[in-house]
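Enquirer: coords please:
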Amino acid sequence: MFRHRSLALTLASALLLAACSRGPEALAPEQRPLVSELPAAERAQFRHLPIQGAPNFRDLGGYKTSDGSTVKWGMLYRTDALNDLTSNDQRYLERLNIKRIVDFRLLEEAGDAPDKLPPSLAPLYKPMPVMFNGQNYNDFVKRVMKGDTEGLHLDKLLVDANRLFVEQGSPIFREWLHGLVQTDGAQVFHCTAGKDRTGFAAAIFLLSLGVPKETVMQDYLLSNQNLQKKNESALWKMRIFSLGRADTQGVQHLMGVEPAYLQSAFDTMEKQYGSIDNYLREALGVDDEFRAQLRARYLEAAGN
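Expert: Next up is the predicted model:
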């Protein structure tokens, strides 16, 4: 039986590799492998899940902690918004044993582009809105589309946003983080692009497990390659729909991630709390008891 299972997993891996040249969406939902079931040596290359409608959907498994443990695969997924899921994407998501889907978008954002979830997952959706830029969302969008961006400081908006995640958003991120140990099964969290609010949430999760800050930053920067095609398409649409008025050059500062953005959050943690670990403990409740619960659920010994 073990030999047959191994052959099946190897075949699934080969099918996905063969499909990559045509795009992962070329595979039927039942042929898309569950990364946690692949041989350990092959999992990292499939961190980015084969989901057509959410190009920044990825598994947070496989990262090493400072003490040599490994984050489990198939337990926690970070992604961009799920409003463009195809029917095949929806069927694939149903195979991931998802038990909670948290949306960090403002209610206006989510209302403009609601997640397109299959009926079996829709009841698991939980909005947990986090302020993104300190501006009224609808007014901000209108000003950008009109090219009226003077005073918005788009070039440093995401530096300021990450500072505000620490200064103002900690109660929501604390609630989300503690919810990770209150629900059995896999969980998903996202915002619009899956890079800023989601990137901050992924960072505090990995840091709480003991993943080094350098590794956390590497995960944060993966959004740039995952979102490249989506961002190019979005900029083209903005030019068309705004009749050329939109400040697309300024918006490019908002469409990717840079080390300085997340570093702004780290610097704010250290300035206001003395250290990142103090921030985790005092603002997010990552005390010894909670950290032990988080590690018990999301870590495994190296080599498993």
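
Enquirer: Could you point out the helix or strand that follows the lowest-mean-pLDDT helix or strand in the chain?
Expert: Across the helices and strands of the chain, the lowest-confidence element by mean pLDDT, DSSP states H and E is helix 2-19, at a mean of 41. Downstream of helix 2-19, the next assigned helix or strand under DSSP states H and E is strand 58-59.

Enquirer: Report the distance from that following strand to the chain centre.
Expert: For strand 58-59, the gap between its own C-alpha mean and the chain's C-alpha mean amounts to 8 Å (C-alpha atoms, centre = their mean, to the nearest Å).

Enquirer: which other helices and strands contact that strand?
Expert: strand 76-79 (3 or more C-beta pairs under 8 Å, 6 or more residues apart in numbering; DSSP states H and E). The C-beta positions use only the backbone N, C-alpha and C, and glycine is treated the same way.

Enquirer: Can you list the buried residues in the helix or strand just after the strand it packs on?
Expert: Once strand 76-79 ends, the next helix or strand along the chain (criterion: DSSP H and E) is helix 87-93. By 16 or more other C-beta atoms under 10 Å, the buried positions in helix 87-93 come out as 88-90, 92-93.

Enquirer: Skip ahead from helix 87-93 and say which helix or strand is next.
Expert: strand 98-103.

Enquirer: That next one packs against which elements?
Expert: strand 125-127, helix 170-179, strand 186-190.

Enquirer: residues in contact with residue 94?
Expert: 118, 120-121 (C-beta atoms under 8 Å, 6 or more residues apart in numbering).

Enquirer: What ranges does the stretch 101-250 of the chain have for its helices?
Expert: 107-112, 137-146, 157-167, 170-179, 197-209, 213-241, 248-255 (DSSP state H, counting those that start in this stretch).

Enquirer: Buried residues in the fourth one, which are they?
Expert: This points to helix 170-179. 170, 172-174, 176-177.

Enquirer: can you list contacts of that helix?
Expert: Applying C-beta under 8 Å, 6+ apart, the contact partners of helix 170-179 are 100, 102, 104, 128-130, 165, 187, 189, 200-201, 204-205, 208, 283-286, 290, 294.

Enquirer: Please apply the same query to the third one.
Expert: Residues external to helix 157-167 that are found in contact with it (C-beta under 8 Å, 6+ apart): 130-134, 153, 173, 196-197, 200, 253-254, 257-258, 260-265, 267-269, 272, 279, 283.

Enquirer: Relative to residue 197, how far out is residue 283?
Expert: In this view, residue 283 and residue 197 are 16 Å apart by C-beta to C-beta, to the nearest Å.

Enquirer: Fine by me, we can end here.
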